[in-house]
Every structure is written in C-alpha cells, then in structure tokens.
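Student: Show me the folded form of this:
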Amino acid sequence: MARDTAWWSDWIRQDVHDVHNCPKNPDEYVGVLFHDDHEGMRSWLLCTTWPATEDDVKSGKAPEAGDILSATELRIAFCPFCGIKLPAAN
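Tutor: Numbers count the residues shown, from 1 in each chain. Reported below is the predicted structural model:
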C-alpha cells in the first residue's frame with residue numbers, strides 16, 4: 001500500500017514534503033521520504049518503523065497496538081530498492 005505525505009507526516013511526527021513510492025519496496029512501514037530535518041535542511045530519508053501488535057500490548061512492550069516500538073532514519077541520495085538517484089533539494 002502506497003503511503004502519502006500526510007500519512008507519513010502524522011506517523012513520524014515530522015513534515016514530509018514528498019514520498020518516493022517505490023514499487024520494489026516490500027514493506028508499508030518503510031518509506032523513502034523527503035523532509036526538513038531538525039536543522040531546517042531538506043533531505044531524503046530511508047525511514048523504517050515498527051508498529052506494536054496486540055501481542056506487544058499483552059507482553060507489556062507497548063500501551064496500545066499501532067504505537068511505534070522502534071524507528072530508524074538514515075539520510076540517502078538513492079532509493080535502496082530501485083537504485084534511482086533521488087532529486088536534490090531545491
């Protein structure tokens with residue numbers, strides 16, 4: 001399922017300006033996102049998130065299903081799935 005900028009902005013609690021919805025990306029919770037970082041610089045990110053499941057709630061790892069258990073962000077210049085060079089910031 002392709003996610004849009006509004007979904008990703010809400011999900012990672014950051015302003016996302018563009019999303020590279022790569023058809024080779026197998027995971028709906030992994031995104032290639034263009035955003036403003038905490039220093040005001042625009043860059044592309046590989047963002048991976050792991051939402052909590054009902055089992056995670058039962059085991060005490062999260063208060064609610066859907067909460068983010070873990071997230072990782074890595075600045076990138078190329079899509080790690082298809083290899084295209086991502087457009088530079090304007």
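
Student: where's the closest residue in space to Ala71 that isn't next to it in sequence relative to Lys85, distance?
Tutor: Distances taken as Cβ to Cβ, 6 or more residues apart in numbering put Thr49 closest to Ala71, at 4.6 Å, once the chain neighbours are dropped. Glycine gets a C-beta too; all of them are placed from N, C-alpha and C. Thr49 sits 24 Å away from Lys85, taking Cβ to Cβ, to the nearest Å as the criterion.

Student: on contacts alone, who are the packing partners of the longest helix along the chain?
Tutor: In terms of residue count, the longest helix belonging to the chain (DSSP state H) is helix 5-12. Judged by 3 or more Cβ pairs under 8 Å, 6 or more residues apart in numbering; DSSP states H and E, the packing partners of helix 5-12 are strand 16-19, strand 30-36, strand 42-51, strand 68-76.

Student: so the third one versus strand 30-36, what angle?
Tutor: Spelled out, that is strand 42-51. Between the axes of strand 42-51 and strand 30-36, defined by axes from the mean of the first three to the mean of the last three Cα atoms, to 10 degrees, the angle is 140 degrees.

Student: in the helix or strand just after strand 42-51, what's buried?
Tutor: Per DSSP states H and E, the first helix or strand lying C-terminal to strand 42-51 is helix 54-58. For helix 54-58, the neighbour count (16 or more other Cβ atoms under 10 Å) marks Asp56 as buried.

Student: Kindly report the same for stretch 15-32.
Tutor: Val16, Asp18, Val19, His20, Cys22, Asn25, Val30, Gly31, Val32.

Student: mind checking how far the longest helix of the chain is from the chain centre?
Tutor: Remark: helix 5-12 is offset 8 Å from the chain centroid, using Cα atoms, centre = their mean, to the nearest Å.

Student: Show which residues not belonging to it make contact with it.
Tutor: Applying Cβ atoms under 8 Å, 6 or more residues apart in numbering, the contact partners of helix 5-12 are 3, 15-19, 31, 33, 47, 49, 68, 71, 73.
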